[in-house]
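**Student:** Generate a structure from the sequence data that follows.
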Amino acid sequence: MTAGRLARLEQAFRVACGELGHCAAAWLFVREVAEALGDAGVEGLRDELGRSYPVLDAVARRWFEGHRAPHVQPEGVVAACAGAARVLVVGLEAAHLDALVPLLPPDVRLGLVRSGSLEADWERVLANFGGRVEGADLGDFQRWAGARSALLTFAYGVHDGQAHVSPAWVRVSGPDVRAQFRALIAWDVLRAPTYVHPRWLVAVPLEDFSHVVGP
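**Tutor:** Down below sits the predicted model:
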């Protein structure tokens with residue numbers, strides 16, 4: 001692959017990660033490449049971008065293990081949010097949010113922190129939810145706290161007592177914040193370990209969460 005073509009591919013994938021989430025973008029690109037070029041194309045995509053994007057590397061590995069779609073089952077998250085009047089989401093995974101939002105009671109207030117490891121047009125992201133999800137900023141997220149509030153993030157590579165999450169999670173989940181929310185939920189969206197250094201993500205201990213929804 002030429003340097004110019006690789007740069008364009010990486011730019012497109014980076015934009016997709018910013019506005020869909022790392023897992024959703026990885027599955028989209030793997031499926032499209034597989035349809036056009038077969039398994040050899042997926043291997044090439046992994047060779048070109050997998051070292052820079054660990055979630056893509058892991059998704060490509062799952063493809064070769066026979067998986068053909070992300071594992072999107074929000075029922076465990078719905079159960080973890082039971083009794084919450086407000087749910088604030090840190091990080092973005094479009095496919096998982098699309099599945100979760102309709103299952104939460106309509107009187108539950110939903111927010112999405114407008115911060116991530118990659119740039120995104122947050123107004124466009126929020127518009128996809130038809131007004132059901134509000135934007136929240138790091139500077140004022142604590143107004144979402146309370147005895148009936150839940151803080152939710154997406155986790156990748158859950159193993160060895162830790163998970164990789166959006167860097168924004170570290171900015172909102174200190175000890176004082178943990179005491180202000182009813183539930184702190186990690187949703188394992190990758191369902192596989194990561195083998196490449198988790199660029200774009202940070203490792204946090206699973207003990208920081210009251211609920212870990214996954215395998």
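
**Student:** need the contact list for residue 150.
**Tutor:** 80-81, 84, 86-88, 181-185 (Cβ atoms under 8 Å, 6 or more residues apart in numbering). From N, CA and C alone the C-beta is placed, and that goes for glycine too.

**Student:** Kindly state the beta-bridge partners for residue 184.
**Tutor:** The bridge-partner assignment for residue 184, based on DSSP bridges, gives residue 151.

**Student:** That one and residue 71: what is the separation?
**Tutor:** Taking Cβ to Cβ, to the nearest Å as the criterion, residue 184 is separated from residue 71 by 21 Å.

**Student:** Not counting sequence-adjacent ones, nearest residue to residue 103?
**Tutor:** Ranked by Cβ to Cβ, 6 or more residues apart in numbering and with sequence neighbours excluded, the top spatial neighbour of residue 103 is residue 78, at 5.0 Å.

**Student:** I should have written residue 121 there, sorry.
**Tutor:** In this structure, residue 121 finds its nearest non-sequential neighbour in residue 19, 6.5 Å apart by Cβ to Cβ, 6+ apart.

**Student:** How confident was the prediction at the one you found?
**Tutor:** At residue 19 the predicted local distance difference test score is 93.

**Student:** Doesn't residue 59 lie inside a helix?
**Tutor:** Yes: membership of residue 59 in a helix is supported by DSSP: H, G, I helix; E, B strand; the rest coil.

**Student:** Quick one: neighbours of the nearest residue to it once chain neighbours are set aside, just the number.
**Tutor:** Setting aside the residues directly before and after it, residue 59 is nearest to residue 26 in space (Cβ to Cβ, 6+ apart), at 3.9 Å. As a burial measure, the neighbour count of residue 26 was computed by other Cβ atoms under 10 Å and equals 30.

**Student:** In which helix or strand does residue 26 reside?
**Tutor:** Mapping residue 26 onto the secondary structure by DSSP states H and E places it in helix 22-49.

**Student:** For that helix, the averaged confidence score.
**Tutor:** Per-residue pLDDT over helix 22-49 has a mean of 95.

**Student:** could you dump the helix or strand of the chain with the lowest mean pLDDT to CSV, C-alpha only?
**Tutor:** Of all the helices and strands that make up the chain, helix 175-178 has the lowest average by mean pLDDT, DSSP states H and E, namely a mean of 76. C-alpha atoms of helix 175-178 as CSV (Å, rounded to 0.1, in the frame of the first residue of the first chain):
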residue,chain,number,x,y,z
PRO,A,175,-12.8,8.7,44.7
ASP,A,176,-14.9,11.8,45.5
VAL,A,177,-17.0,11.3,42.3
ARG,A,178,-17.5,7.5,42.9
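
**Student:** in the helix holding residue 26, what counts as buried?
**Tutor:** Applying a neighbour-count criterion of 16 or more other Cβ atoms under 10 Å, the buried positions in helix 22-49 are 22-30, 33-34, 42-43, 45-46, 48-49.

**Student:** So which elements touch that helix?
**Tutor:** Applying 3 or more Cβ pairs under 8 Å, 6 or more residues apart in numbering; DSSP states H and E, one finds that helix 22-49 contacts helix 3-20, helix 54-64, helix 94-100, strand 146-159.

**Student:** Could you break this protein into its assigned domains?
**Tutor:** Domain assignment for the chain by automatic domain parsing gives 3-64, 75-213.

**Student:** any idea how far residue 40 is from residue 80?
**Tutor:** 41 Å.
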